[in-house]
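Participant: below are the sequence and a predicted model; questions follow.
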Amino acid sequence: MANSIKIRAKIKGDTTEVKCLMTHPMETGLRKDSKTGKLVPAHFINEVIAEAGGKPVMTAEWSGGISKNPYLSFSFTGAAKGDEVKITWKDNQGGSDSETAKIS
Amino acid sequence: MTMNTKRRVFLKGSMAAGSVGVAIGAGLLAPQAVIAAWNEKAFQAKSVDDALTATMGAAANTASDAIKIKAPDIAENGAVVPVSVSTDMSGVESIALLAEGNNTPLVATFMLGAGAIPDVSTRIKMGKTSDVIAVVKAGGKLHSARKSVKVTIGGCGG
């Protein structure tokens, strides 16, 4: 799955604000399929790693309680314009994706 | 909601096996030891206290005005509730986000690294009207804040 992540990283003063959107069904495993009446298996992102300039800035652990097509924003200091921000997610079925964006 | 208990036990079991596989994968691919395995126990806990004990090491916390939760008073759609947590405390190590009324209350934890500012936003699902709780670990102590969100349509299946 390529390009499942969209990242916007903007620097203001010395603070970089990162906003990202991921494409993922985020199934809790509790929802029933309306057609078959069977439970839809759990399928959700359980780990998100944010790195800036190769150093980890934040690691998030999620449950299926995060909305479908998750949105995440966070801020950090110590980066400069043009540095790369990398976001990686992993889901409970072994899927993963990552994307990088330059800070503007 | 009536649930087939056996099926739920089975699902839990298969989920557990799945996350172990993910954990092993993460361990092999992780460049640094910073990345911990997914805290399955915490995310499957049925109560706020159990979840906090599993993720933060303790359930005891003190209410703090320094933590700000931004969430709607009334959420029309429980499947998408925008929530922001910020604090001006220093030395924040991690932030946990919980929806008290959900089947498994712990929604997310954020481990902050060097330079990260304790200000995160995301969107969560809420099964029913309840409090959103933010727990901030700073200097080894737990601080919390809560905000009530009224949900008109639940977002957890069904």
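Facilitator: Thanks, I have it. Numbering: from 1, shown residues only, chains lettered A, B, ... in the order given.
Participant: can you give the contact residues for the longest strand seen in chain B?
Facilitator: With DSSP state E setting the assignment, residue counts place strand B:141-151 as the longest strand in chain B. Residues outside strand B:141-151 that contact it (CB atoms under 8 Å, 6 or more residues apart in numbering or on different chains) are B:52, B:56, B:58, B:60-69, B:71-75, B:78, B:81, B:87, B:89, B:100, B:126-137. From N, CA and C alone the C-beta is placed, and that goes for glycine too.
Participant: tell me the strands beside that strand, with direction?
Facilitator: Next to strand B:141-151 in the sheet, as set by DSSP bridges, lie strand B:62-63 (parallel), strand B:74-75 (parallel), strand B:130-138 (antiparallel).
Participant: and the contacts of the last one?
Facilitator: Contacts made with strand B:130-138 from outside it, assessed by CB under 8 Å, 6+ apart, are listed as B:48, B:52, B:56, B:61, B:64, B:67, B:69, B:71, B:81, B:83, B:85, B:87, B:89-102, B:105, B:118, B:124, B:126, B:142-149, B:151.
Participant: cool, stretch B:43-57 as well?
Facilitator: Under the contact criterion CB under 8 Å, 6+ apart, stretch B:43-57 has outside partners A:46, A:61, A:63, B:12, B:15, B:39, B:41-42, B:58-59, B:61, B:94, B:96, B:98, B:100, B:103-106, B:109, B:133, B:135, B:137, B:142.
Participant: just to be sure, which of the residues you listed are found in strands?
Facilitator: A:46, A:61, B:94, B:96, B:98, B:106, B:109, B:133, B:135, B:137, B:142.
Participant: wait, isn't B:I153 in contact with B:E76?
Facilitator: Yes. Between B:I153 and B:E76 there is a contact at 6.7 Å, judged by CB atoms under 8 Å.
Participant: hang on, the earlier thing: to A:C20, which of the strands paired with strand B:141-151 lies closest?
Facilitator: Smallest distance to A:C20 across the strands paired with strand B:141-151 (CB to CB): 20.4 Å, for strand B:130-138.
Participant: any buried residues in the longest strand of chain B, and which?
Facilitator: Neighbour counts over strand B:141-151 (16 or more other CB atoms under 10 Å in any protein chain shown) mark B:142-147, B:149, B:151 as buried.
Participant: over to stretch A:4-22?
Facilitator: Using 16+ other CB under 10 Å as the burial criterion, the residues of stretch A:4-22 that qualify are A:4-5, A:7, A:9, A:11, A:16-18, A:20-22.
Participant: same thing with stretch B:58-70?
Facilitator: Those would be B:61, B:64, B:67, B:69, for stretch B:58-70 by 16+ other CB under 10 Å.
Participant: in JSON lines, list these along with pLDDT, distance to chain A and secondary structure.
Facilitator: Below are the buried residues of stretch B:58-70 laid out as JSON lines (pLDDT from 0 to 100; distance: CB to the nearest CB, whole Å; DSSP: H, G, I helix; E, B strand; the rest coil):
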{"residue": "B:N61", "pLDDT": "86", "distance to chain A": "19", "secondary structure": "coil"}
{"residue": "B:S64", "pLDDT": "89", "distance to chain A": "20", "secondary structure": "coil"}
{"residue": "B:I67", "pLDDT": "93", "distance to chain A": "16", "secondary structure": "strand"}
{"residue": "B:I69", "pLDDT": "93", "distance to chain A": "15", "secondary structure": "strand"}
